[in-house]
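Visitor: got a predicted structure here, sequence first:
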Amino acid sequence: MQNSYSISSLKTKRTFLVQAAMITMAMTAGLQAQAAALTEINFVEAVHNLGYINLYVGQHAGIFEKHGLKLKVSAAGGDTQAFAAVLGKSAQFAIGDATMVQMSREQGGPGIVVGTVIQRAHYFGVSKNLDVIKDPKKFKGLTIVTSPEPNTNFSVSKKMLEDNGLKPKVDTKILEVNPGTEIAAMLAGQADMAVAYQPGVASAMSQGAKVVFDFASYMGPFCNTGIMVLPDYAKANPKIVQALVSAFEEASRMTYAKPDFAKEVARKEFPEMAADVVNKAMDMQLQFKIPAESVKTDPKQWENLMKMQKYLGNVKGTIPFKDIIDNSYADVAVKTVK
């Protein structure tokens, strides 16, 4: 009787193990098929920062995979380096200062912008020893620290000074440091104010600094960051470009619709920072409407960017909006994404 029971138990166990193995094999095959169906693309961000929260929301929510893409994301270390990766074809897409495309085109090179990632200047003037400055003329005699020219925070700072009759590096000293180290230079006493982005701004605030100047409001609608790609690649791979732009549209909407999820994502992307600091940074990002609410590039955003860059002498502005900005993918995304 005991032997019969043991044989029956062994048969049942064997059957269970075979079924479990078959299920595991089926699941593995399904996952492998899904992975094989995804198109892998190299995607470069200028620097890792909360301005690109819609990118990170899209990654953590699986939105890019939903649209058939697998992004290999890397940080280039600046706007120039990000676009250089596209020009050199080590990356298919880059996000950074879209002025790079205008510069390239004016010099006979390639490049188009297929969407906006940051719709306002995402910089704040942060200081430990200054009071809030509403009149930019009061920057006279001060030292401010930014990334090197032609990074965007240098450009917006220079234009702000010149718009108010101040000569950069004469009336107001500009200290140029590696992108992402502006706050540290200010906290070390090398400058009166750092022109920086989140979450560094919120981190500085937790160390006794405060926001003394708001570039988002000062500049107004502004294509601070665009999605850059080569025209030849877009022409050869329209479905991939459409998938990427549609994914960004969905991720941008989710960022505003689900702020708690956006904060959760931000905390995961910047684990070295205290949770309350990252939450504060996200509150400010959404309050000032810095991440793009839609991927479509508004002509006013581009006009303000070009107006600044022409004034600074970085571009001539000879290439019209419609030749630089290809909103056809964004138009489809806006209509189809739910």
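Guide: Received the coordinates, thanks.
Visitor: let's verify the nearest residue to residue 38 once chain neighbours are set aside: helix, strand, or coil?
Guide: In this structure, residue 38 finds its nearest non-sequential neighbour in residue 70, 4.2 Å apart by C-beta to C-beta, 6 or more residues apart in numbering. Where C-beta positions appear, they are placed from N, C-alpha and C, glycine not excepted. At residue 70 the chain is in strand, as set by DSSP: H, G, I helix; E, B strand; the rest coil.
Visitor: residue 70 touches residue 37, doesn't it?
Guide: No - at 9.7 Å, residue 70 does not count as touching residue 37 under the criterion of C-beta atoms under 8 Å.
Visitor: more neighbours: which of these two?
Guide: The neighbour count for residue 70 versus residue 37, taken as other C-beta atoms under 10 Å, is higher for residue 70 (13 against 10).
Visitor: beta partners of the more buried one?
Guide: residue 40 (DSSP bridges).
Visitor: and the pLDDT for it?
Guide: Confidence at residue 70, expressed as pLDDT, is 98.
Visitor: so who does it touch?
Guide: 35, 38, 39, 40, 41, 64 (C-beta atoms under 8 Å, 6 or more residues apart in numbering).
Visitor: ok, now which ones touch residue 229?
Guide: Per C-beta under 8 Å, 6+ apart, neighbours of residue 229: 86, 92, 93, 94, 111, 112, 114, 241.
Visitor: from those, which ones fall inside helices?
Guide: Using DSSP state H, the subset of these located in helices is 86, 241.
Visitor: among the contacts of residue 229, which lie within strands?
Guide: Taking DSSP state E, the ones among the contacts of residue 229 that sit in strands are 93, 94, 112, 114.
Visitor: counting neighbours, which of the contacts of residue 70 comes out on top?
Guide: residue 64 leads these on contacts (other C-beta under 10 Å) with 25 neighbours.
Visitor: surely it touches residue 57?
Guide: No - taking C-beta under 8 Å as the definition, residue 64 is not a contact partner of residue 57, at 10.5 Å.
Visitor: where are the low-confidence patches of the stretch 151-300 of the chain?
Guide: Nowhere does the stretch 151-300 of the chain drop to pLDDT under 70.
Visitor: chain center to stretch 100-107: distance?
Guide: The chain centroid and the centroid of stretch 100-107 are separated by 20 Å under C-alpha atoms, centre = their mean, to the nearest Å.
Visitor: pull out the buried positions in it.
Guide: In terms of neighbour count (16 or more other C-beta atoms under 10 Å), stretch 100-107 has its buried residues at 100, 101, 102, 103, 104, 105.
Visitor: circling back: most widely separated two among the contacts of residue 70?
Guide: The most widely separated members of the contacts of residue 70, counting by C-beta to C-beta, are 35 and 41 (14.2 Å).
Visitor: state the distance from the residue most central in space within the chain to residue 226.
Guide: Nearest to the geometric centre of the chain sits residue 52, at 2.5 Å (C-alpha atoms, centre = their mean). Using C-beta to C-beta, to the nearest Å, residue 52 is found at 12 Å from residue 226.
Visitor: between those two, what contacts are shared?
Guide: Any residue near both residue 52 and residue 226 by C-beta under 8 Å, 6+ apart counts here, and that gives 95, 117.
Visitor: who touches residue 51 in this structure?
Guide: Counted by C-beta under 8 Å, 6+ apart, residue 51 has contacts 117, 118, 122, 197, 198, 224, 225, 285, 290, 291.
Visitor: and residue 38, by the same measure?
Guide: By C-beta under 8 Å, 6+ apart, the residues touching residue 38 are 65, 68, 69, 70.
Visitor: quick one: buried ones out of these?
Guide: Neighbour-count burial (16+ other C-beta under 10 Å) applied to the contacts of residue 38 gives 65, 68, 69.
Visitor: just those now: which is nearest residue 46?
Guide: Nearest to residue 46 among the buried ones among the contacts of residue 38 is residue 69, at 19.9 Å by C-beta to C-beta.
Visitor: touching, that closest one and residue 42? I think so.
Guide: No - with contact defined as C-beta under 8 Å, residue 69 does not reach residue 42; the gap is 11.3 Å.
Visitor: could you export the contacts of residue 70 to a markdown table, including columns for pLDDT and distance to residue 231?
Guide: Shown next, in a markdown table, are the contacts of residue 70 (pLDDT from 0 to 100; distance: C-beta to C-beta, whole Å):
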| residue | pLDDT | distance to residue 231 |
| --- | --- | --- |
| 35 | 49 | 30 |
| 38 | 97 | 24 |
| 39 | 98 | 19 |
| 40 | 98 | 21 |
| 41 | 97 | 16 |
| 64 | 98 | 22 |
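Visitor: out of those, who's nearest residue 322?
Guide: Comparing the contacts of residue 70 against residue 322 with C-beta to C-beta places residue 41 closest, at 25.7 Å.
Visitor: residues contacting the spatially closest residue to the closest one that is not a sequence neighbour?
Guide: Once flanking residues are discounted, residue 41 sits nearest to residue 92: 4.7 Å by C-beta to C-beta, 6+ apart. Residue 92 makes contact with 41, 42, 43, 86, 229, 233, 237, 240, according to C-beta under 8 Å, 6+ apart.
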